[in-house]
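Engineer: Just a sequence and a predicted model for now, questions to come.
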Amino acid sequence: MFTRRQALAGGALTLAPVQAFSAPVSGQEARPDAGTWPAAAGWATVAPGAAGFDPVALSAALDVGMADRSTSTLVVRGGRIVAERYAEGRGPRDAQEVASVGKSMLSMLTGVALDRRMLKGLDQPAADFIPVWREGAKSAITIRHMLSMTSGLDIRGLRDRGVTGDQLAVNSAAPVRDPPGTRWVYATPIYHLLFHILAKAAGQRFEDFADDALLKPLGMADTSWVTAVGQGPAGPTPTYYTARSSARDLARFGLCAMRGGRWGDRRIVSSEFMAASVTPSQDLNPAYGFLWWNNRRPGVLAGQTERPPALRFPGAPADAFAALGAGNQVVLAVPSLDLILVRQGAQPERPDTIDALIDGVVRAAGGRA
């Protein structure tokens, strides 16, 4: 599908004097350069060795990732780019669909809506924004249930994307399969309802709210929302899917999440909500938070609930968490290593490529499971 890869930047050059990085003790949330943030115009860079990496091991790990259908790999430590690589013909400002990485973006935006009191709380009934849910079993579905994939709705027959009708009406008409909070199911059509809920809660187009609350403050200039126009009884109506982002924009998003929801001197989302988002949100699948995957406890993978529970990132420390999307789009954060790893591309041909990439980068950074 893609042409032969070419490493455009195997290790970033040092642009300014930097402090040597000492790897923290596993489990601690060390931030040696917590005051360093990317400028609006671009990122500062640091050589792998100066950032505490084994340069040879880091290069080998990125070789593994780029050799198997990746379009970009990017590593950040201390708020600086340590290494980035792109497939032939691509570069730092090229955006592509991030699939379910958009779920984690929506999670952060839900937290913003809570902070701004556009939402009353995690246990507010979703029926406050979906009137047809006000009667019957759906009246028990809360914002918390939707963020944690425990709504209990039956999504069989619903489309993940390409809805041509009224997305809000179609998805909200899904029948109840289980009482809310009693079963975990990875339900993309239910996540799509949160786009509409946030628009109603904010009293403006979702895109305008998201740009003001997230994209502009973080300087995510190469990110846009993947939307379409459906047709409902009252005429044209928006449908939502995900976002398109560059690797550097995804690194900005990951850095904000890893630093507890702040960006420089600005609080983007409360630290309490951010912490809850990236830790187990329920016991049905402890590997899942609020539209984020975490490594705290063994859980099940999307679509693979028949497999025994396992850690989501077996080669990473327990505090690792990630936004993940179809095709293995990855935004991985490891607070104890002050590490961000971004991977974009098509579905790898080898099933172990992404684990090998993560394991290799973590080990090169001085970490271990």
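Structural biologist: Yes, it's here.
Engineer: Can you give me the buried ones in stretch 236-251?
Structural biologist: Within stretch 236-251, the residues scored as buried using 16 or more other CB atoms under 10 Å are 237-251. Just so you know, the C-beta spots here come from the backbone N, C-alpha and C atoms, and that holds for glycine as well.
Engineer: give the contact list for the nearest residue in space to Ala174 that is not next to it in sequence.
Structural biologist: Leaving aside its sequence neighbours, Ala174 sits nearest to Leu153 (CB to CB, 6 or more residues apart in numbering; 4.3 Å). Going by CB atoms under 8 Å, 6 or more residues apart in numbering, Leu153 touches Lys138, Ile141, Ala174, Pro175, Val176, Arg177, Ala187, Ile190.
Engineer: Now intersect the buried residues of stretch 236-251 with the strands, please.
Structural biologist: If you go by DSSP state E, those have Thr237, Pro238, Thr239, Tyr240, Tyr241, Thr242, Ala243, Arg244, Ser245 in strands.
Engineer: Same list (these) but as CSV, adding distance to Met220 and pLDDT.
Structural biologist: Output for these, formatted as CSV (distance: CB to CB, whole Å; pLDDT from 0 to 100):
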residue, distance to Met220, pLDDT
Thr237, 26, 94
Pro238, 20, 95
Thr239, 22, 97
Tyr240, 17, 97
Tyr241, 17, 96
Thr242, 14, 97
Ala243, 9, 98
Arg244, 11, 98
Ser245, 7, 98
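Engineer: what's the closest of these to Gly49?
Structural biologist: Proximity of these to Gly49 (CB to CB) peaks at Ser245, which lies at 29.1 Å.
Engineer: got a list of what the closest residue to the closest one other than its chain neighbours touches?
Structural biologist: Counting by CB to CB, 6+ apart, the nearest residue to Ser245 once its immediate chain neighbours are dropped is Thr223, at 4.3 Å. Residues in contact with Thr223 (CB under 8 Å, 6+ apart) are Ala95, Leu215, Ala243, Arg244, Ser245, Ser246, Asp249.
Engineer: which residues touch the third one?
Structural biologist: Remark: with contacts taken as CB under 8 Å, 6+ apart, Ala243 is in contact with Glu97, Val98, Val101, Gly102, Met105, Thr223, Ser224, Trp225, Val226.
Engineer: Neighbours of the closest residue to it other than its chain neighbours, how many?
Structural biologist: Of all residues not flanking Ala243 in the chain, Gly102 sits nearest, at 4.7 Å (CB to CB, 6+ apart). The number of residues packed around Gly102, counting by other CB atoms under 10 Å, is 27.
Engineer: Sticking with Gly102, tell me its helix or strand.
Structural biologist: Here Gly102 sits within helix 101-115, counting by DSSP states H and E.
Engineer: can you list contacts of the next helix or strand after that helix?
Structural biologist: Remark: after helix 101-115, the chain's next helix or strand is helix 143-147, criterion DSSP H and E. Identification of contacts with helix 143-147 by CB under 8 Å, 6+ apart yields 107, 110, 119, 121-124, 126, 151-152, 180-181, 190-191, 193-194, 197, 277, 281, 290-291.
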